[in-house]
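>>> When you get a sec, could you give me coordinates for this:
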Amino acid sequence: MLGSKRGDSSGFIYAVLTVLMVIVFLLDLRWGSVDIPMNEFFNIARGDSTVYAKIFYEVRLPKAFAAVLVGVSLSVSGLLMQTSFRNPLAGPYVLGISSGATLGAAIFLLLLSVLGITLVGFWMQWGVVLFAMLGALSLFLIILLVSFRIKESVTLLIVGMMLGTLASAVISVLQNISDPDSVKLFINWTLGSLSMIGRNQLLVMTPLVLAGLIVVWFVRKQLDLMLLGDDYASTMGVSVFRCRVLIMVATVVLTGVTTAFTGPVGFVGIAVPHIARMIMNTSKHSKVIPCTLLLGGNMMLLCDIICQLPSNGYVLPLNAVTAVLGIPVIIWVLVGKKRMFI
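Here you go, the predicted model:
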């Protein structure tokens, strides 16, 4: 059932999650390989030019904003996939979009070594981003073409998974013919990291994420009807095919840009939508989408804080932390046999 019999407490929930995000955001700004003392925040606010101010503006602030954008993108993508395929384990990667982005990055990083080409700095960083986004777009276009022939969402899901597996196979071949240094660079990219995003990257990433979210909000009512089945949605005047295309467009934008800038980050997109439905006690997207946004941002900020916890200056891989937090939720869904839609 889409609705809830409880009184509407969504406003209170949003307020609590917003306050929590502000708190976690500030903690993420303070903690890191170099902790910023509380009194330094007042000096930074006054515009004092200190070492801490440089760390704050050039590293911490872009990374914290990036964490919010990444969490929002992956969580909303997961919500879209779970609704579209009516599958509680669907996530941003079920259509192979993330695998396409990873393949694009692999082609750039690993083939360069095979061809004997060396790039550094600007060209290396933006080359990875460009090829990752092209890889995600290529897989999306293939899925889009297949969707003209295949209308069943489950079959389309299987096709996406097979394409993802094929991309992984190609990546394995590239790793075997590349030099060890390039392979190490690529593996480090696949572990996921928010530290690769600075102010220039945010200027590209932010409008793309906002565009994807606008598409999601535009189809929120159609998503509610799709929960009841494609046939029912069609009888209510919804163009299921058009809606599914819009969902895939939003997913490729949100997942593609996130993967391009941070590497593939797993489990957030699967876990957060389930938590949002449980908290809101409804599957109505006008209520679940804002909750998913806030929860996704909070979770990624928390993951970034945990990544910085080791006192020896070592930073934990982002994917390791998201797995530790996300897998228990997935097991809870499977073992507890929780209903996907409340």
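>>> and the one helix or strand Val245 maps to, how far from the chain's centre?
Element membership of Val245, judged by DSSP states H and E, is helix 240-262. Helix 240-262 sits 11 Å away from the centroid of its parent chain (C-alpha atoms, centre = their mean, to the nearest Å).
>>> ok, now stretch 75-88?
Here stretch 75-88 shows a centroid-to-chain-centroid distance of 13 Å under the convention C-alpha atoms, centre = their mean.
>>> Flag every buried residue along that stretch.
For stretch 75-88, burial by neighbour count (16 or more other C-beta atoms under 10 Å) applies to 75-86, 88. Just so you know, the C-beta spots here come from the backbone N, C-alpha and C atoms, and that holds for glycine as well.
>>> what mean pLDDT would you report for that stretch?
The pLDDT scores in stretch 75-88 average 87.
>>> do stretch 131-146 as well
On average, stretch 131-146 scores 84.
>>> Make TSV out of the buried residues of stretch 75-88 and add distance to Gly100 and secondary structure.
Converted to TSV, the buried residues of stretch 75-88 look like this (distance: C-beta to C-beta, whole Å; DSSP: H, G, I helix; E, B strand; the rest coil):
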residue	distance to Gly100	secondary structure
Ser75	20	helix
Val76	19	helix
Ser77	14	helix
Gly78	17	helix
Leu79	21	helix
Leu80	17	helix
Met81	15	helix
Gln82	20	helix
Thr83	22	helix
Ser84	18	helix
Phe85	18	helix
Arg86	23	coil
Pro88	24	coil
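>>> what two of those are the furthest from one another?
Ser75 and Arg86 (18.1 Å; C-beta to C-beta).
>>> The most centrally placed residue in the chain is in what secondary structure piece?
The chain has Leu74 as the residue nearest its centroid, 2.4 Å off, counting by C-alpha atoms, centre = their mean. Of the helices and strands defined by DSSP H and E, Leu74 is found in helix 61-85.
>>> by contact count, what packs against that helix?
On a contact count with 3 or more C-beta pairs under 8 Å, 6 or more residues apart in numbering; DSSP states H and E, helix 61-85 meets helix 10-30, helix 153-177, helix 199-218, helix 220-226, helix 240-262, helix 268-280, helix 285-307.
>>> Switch the ones you listed over to TSV; also include distance to Leu61, mean pLDDT and mean neighbour count.
Shown next, in TSV, are the helices and strands packed on helix 61-85 (distance: least, C-beta to C-beta, whole Å; pLDDT from 0 to 100; neighbours: other C-beta atoms under 10 Å):
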stretch	distance to Leu61	mean pLDDT	mean neighbour count
helix 10-30	7	94	15
helix 153-177	34	85	16
helix 199-218	8	91	16
helix 220-226	31	91	20
helix 240-262	16	87	24
helix 268-280	22	92	25
helix 285-307	13	95	24
